[in-house]
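Trainee: sequence unknown, structure follows:
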Ligand SMILES: Nc1ncnc2c1ncn2[C@@H]1O[C@H](COP(=O)(O)OP(=O)(O)OP(=O)(O)O)[C@@H](O)[C@H]1O
Ligand SMILES: [Mg+2]
């Protein structure tokens, strides 16, 4: 049996993530794949998109397709309940008001992570060929996908030490104060959570089954945010296999929109500079909302033509950052470019690369924004940019 294919759609608020995810899932189901589409966005709108009430249980939509709007409270209780109970106990002990302690014991991003964990469960169930995920609006939260590494760090370094200390001091402290000491149940819950996070990370970083797709519109700020997300996805080893530019003014439309079209064409070039050679799929601005199965099928047709949306559309990473001898090296794929003079321009966290007539444009990870560029050279079809070593 083939392993399930997992595709996550993310992008800035309102760009069309839910519509694109729903349209994709529908096409996969129409092609005979057992498909589930789920939304990790607490402000669920998948149901609105299909014009059907969806709930926390997988609900049939059409043949081969079910939809699920994850119950965030249930997921939080399941993965975070014990730890949260203990954390809010500690906060309350420090005099923090109960209600606030309860709120503060939820780590930022934990809610989205808890709902992403559902993917692992669905993957393991064997019930689906294709899992389509409509993510919460901010791509920034995807950075939290790197959490397992951090969490493991804590587990191995802090928890065992604390555990010993807690075991020793526990009875004594407990007899003197009512400080909540983490008990075995809390430690077990942390361990279990980390195992689950590891499984999720492993699954989503496996480019032979999982892909990220960035949804955007031809607008400057939207593109910049998508590039930033893309940089972090690359940094953490998640593969992006397509970008989607939604709501393009169709050609041949009203003269009234000609100005808009021109602006959008300009920004399409920016999308190419930021994402080539990743495939860029486009969707026109329809004359009506994308709601209901018929409109979603129209959107799927515009997106994929007769192709299978679940196909892996691009393999590899267009840029990676690695650390060698204490220095950061940016490794950028620039196929089809002849060796000509390379010109680098920096503006804030943006790096613009001119080579002959070509222009590439990327957002640097935060650690690199303050470092000077030492050298830029070609190796094969890749451009290697070495940054000055910090403090060396
Ligand atoms: N190509 C399109 N043509 C016309 N309307 C569209 C198009 N794409 C999306 N829409 C409409 O735009 C609205 C927002 O789309 P959607 O809900 O898919 O965005 P989103 O990125 O999921 O938003 P949010 O960040 O709020 O979750 C919806 O009413 C949808 O029907
Ligand atoms: Mg949405």
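Mentor: Cool, the structure landed. These numbers were taken from a predicted model, which means no experiment stands behind them. Ligands and ions are numbered 1, 2, ... in the order given.
Trainee: can you name the element that comes right after the lowest-mean-pLDDT helix or strand in the chain?
Mentor: Lowest on mean pLDDT, DSSP states H and E among the helices and strands of the chain sits helix 159-176, with a mean of 56. Following helix 159-176 in sequence order, the next helix or strand is helix 184-204 (DSSP states H and E).
Trainee: can you list the buried residues in that following helix?
Mentor: Neighbour-count burial for helix 184-204 flags 186-187, 189-190, 193-194, 196-197, 199-201, 203-204 (criterion: 16 or more other Cβ atoms under 10 Å). Quick note: C-beta positions are derived from backbone N, CA and C, even for glycine.
Trainee: just list whatever residues bridge to residue 377.
Mentor: Going by DSSP bridges, residue 377 is paired in beta bridges with residue 384.
Trainee: isn't it up against residue 384?
Mentor: Yes - counting by Cβ atoms under 8 Å, residue 384 is a contact partner of residue 377 at 5.7 Å.
Trainee: more neighbours: the two, which one.
Mentor: Using other Cβ atoms under 10 Å, the more surrounded residue of residue 377 and residue 384 is residue 384, with 15 against 11.
Trainee: ok, that one - contacts?
Mentor: When contacts are counted by Cβ atoms under 8 Å, 6 or more residues apart in numbering, residue 384 touches 329, 330, 331, 332, 375, 376, 377, 378.
Trainee: repeat that with 10 Å
Mentor: 322, 329, 330, 331, 332, 375, 376, 377, 378 (Cβ atoms under 10 Å, 6 or more residues apart in numbering).
Trainee: buried subset of these as a ChimeraX selection?
Mentor: In ChimeraX, a selection of the buried entries from those looks like this (16+ other Cβ under 10 Å):
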select :329,330,331,332,376
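Trainee: and of the contacts of residue 384, the nearest to ligand 1?
Mentor: Nearest to ligand 1, judged by Cβ to the nearest ligand atom, of the contacts of residue 384 is residue 332 at 28.8 Å.
Trainee: so that closest one: helix, strand or coil?
Mentor: The three-state label given to residue 332 by DSSP: H, G, I helix; E, B strand; the rest coil is strand.
Trainee: please report the distance of it from ligand 2.
Mentor: In this view, residue 332 and ligand 2 are 32 Å apart by Cβ to the ion, to the nearest Å.
Trainee: if that residue is in a bridge, with which residues?
Mentor: residue 319, residue 383.
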